[in-house]
Structures are given as C-alpha cells and as structure tokens.
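In: Any chance you could fold what I've pasted below:
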Amino acid sequence: MYRSVRQIAAARGMLMLRSVREISQYIHPAPQYCQFVHCSSPLEYRFYHTNDRPLFPSELPDFQPKVTIEGDDIWSIDKYRELRREFLLRRRELKSIRRVPLGPYASVTFESFDLIWIQIQEMLHIENGGDEQLVDELEAYEPLVPKGSDFVATLMFEIDSKPLRERVLYSLGHVEEKVYLQIREEKIFAESANNDIERTMPDGKTSSVHFLRFPFSAEQADLLRSTPTPTIVLGTTHENYLHTTTLSPETAAALVRDLR
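Out: Numbers count the residues shown, from 1 in each chain. As a prediction, this is how the structure comes out:
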C-alpha cells in the first residue's frame, strides 16, 4: 500500500496543525476568474464567481450526496493548483466549524466529503505520484468519508512539549475506546474507522492521532434530523481524561446535514 495508516496520521497531523501564520500565505486578493472553468471530470466544476471563492464539491448545484470518493471526483493537479490557495483558506473556514476542542490537549475534527477531497488533492499536489498514488490515496482515505449513518472524526492530541506529550500519551492507553457522543441520555461510543492497525501500543502508549467512527441507529439518526437544534455532547470516559464539551449549534447543524 502506498501510504501506511501511520503515514496517513502523520499527514493528517501536518495538515491539521498548520498555523495561522502558515495559512496566511494563502490569503491574497483573488484573481478575476472567468464565469466558467473548463472541466474534464464531473467534479472539476463550473466555478461561479461568487465572493471570489471556489466551491467545494458538495456546494455544487448538481452535486449528489456521496458516501464514497472515487477517481472521477479528483481534479487534475494542474487544475487544483489554479485554485489551491483559495481552497486552503476555505478548508480553514470549514475546519473551524467542524473542529471541537476536548480538554486541555485534544481536539476532534469531524470529517466530511469535502475535507477528505481536499486532503487527497493536497497529498497528490505535494507528492505528485500520479495515477499509482491516486489509487492508494483513495484506498487509504475511503474509510474516513462519512457513510450517511455515522459521523467520522479525527481525534488528535496536540502537545508541543515532547516530555509532556510522552507522559500524557502513556497515561491514555486505549482512550480511543472511551470517546463518545451523547444525544439526550444515550451515549454512542466511537469505533475505529481504520481497523488495520492498533492505536495503543503494547507498552500502553496511545497514538497522538486516532480515526473514529460514531455509528447511529436509524432511530438515533431520525432523532438528530428531526430536532431543530440538537444538543450533542462529546466526551471521554477514560479515567485520566474525563472531559466533555457540548458542540456548538453551528457544528451540530453541519454534522446533521451529513446524515442521509
């Protein structure tokens, strides 16, 4: 496989931890794009010149909700490069809605089709591995695309100090099994979104990055969709990390829109 799960985690961390200063290099006066951009695949889309911002795939008028990401969804490197700076700024905006701090060291970013799409586009742009890389990136990131009956998330422990990071990670063995979402009185515990690697080592040290899936029953999904402003609590039951937070109404609404 082109990219191991550990490499995916490293890439995920690298791109998620981009600082405001680093991202600011991609903010500049947008050029005057023509009304249409020629497209060679279904999602190399018509670019409407609205607020000088490109649209993510799911924002296209004719986009059909998808639970998988395929080769036809991915732009050519040259086409992506034309709008890359604007897309990176838009990714920052999208993540600001879908990223939820949890306790002093952790954050949970709830994935979407658009976030996985731009993640793959970024990896192809950075490594320029051609069709072989595309096949492997699609295989690697496919489990992180929400399937319409779940939320998929990346849990990260973001600690700059290496000694402190080591102490915290050694104290949080199997924390990935203790993360939950609470809807009313019911807790939905996370499952691994990548089942091919153990995220806690035999010595008890957990990974700084975890890929999680929160599966919902039909009744739970219906409840979320039918509640105008659902209250969703994110938390852990790990004895060394007993923290909870309530998702903002904006975040909750964005996640519920992912349900089919």
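In: gap between Pro61 and Pro202?
Out: Pro61 sits 51 Å away from Pro202, going by CB to CB, to the nearest Å. C-betas here are computed from N, CA, C, even on glycine.
In: Kindly spell out which helices and strands sit in contact with the helix or strand that contains Arg85.
Out: Counting by DSSP states H and E, the element that carries Arg85 is helix 77-98. For helix 77-98, the elements it packs on are helix 20-23, strand 106-110, helix 113-127, helix 249-256, judged by 3 or more CB pairs under 8 Å, 6 or more residues apart in numbering; DSSP states H and E.
In: Show me the helices in the stretch 101-250 of the chain, by range?
Out: Assignment of helices within the stretch 101-250 of the chain using DSSP state H, counting those that start in this stretch yields the ranges 113-127, 130-141, 162-170, 218-226, 249-256.
In: most tightly surrounded among those helices?
Out: Compared across the helices of the stretch 101-250 of the chain, helix 113-127 shows the largest average neighbour count, a mean of 20 (mean count of other CB atoms under 10 Å).
In: what's that helix packed up against?
Out: helix 5-16, helix 77-98, helix 130-141.
In: Relative to Glu198, which of those is closest?
Out: Nearest of the helices and strands packed on helix 113-127 to Glu198, taken as CB to CB: helix 5-16 at 10.0 Å.
In: Count the residues that sit near Asp175.
Out: To be clear, residue 175 is Val; Asp isn't right here. 24 (other CB atoms under 10 Å).
In: Please tell me how far it sits from Phe157.
Out: Plainly put, Val175 is 9 Å away from Phe157 if you go by CB to CB.
In: and for the two, which residues touch both?
Out: Thr206 (CB atoms under 8 Å, 6 or more residues apart in numbering).
In: returning to what we had before: which stretch among the helices and strands packed on helix 113-127 comes nearest Lys66?
Out: Nearest of the helices and strands packed on helix 113-127 (CB to CB): helix 130-141, 12.7 Å.
In: chain center to the closest one: distance?
Out: With CA atoms, centre = their mean, to the nearest Å as the basis, helix 130-141 stands 17 Å off its chain's centre.
In: Could you find the closest non-adjacent residue to Glu59?
Out: Using CB to CB, 6 or more residues apart in numbering and skipping residues adjacent in sequence, the residue nearest Glu59 is Asp114, 7.9 Å away.
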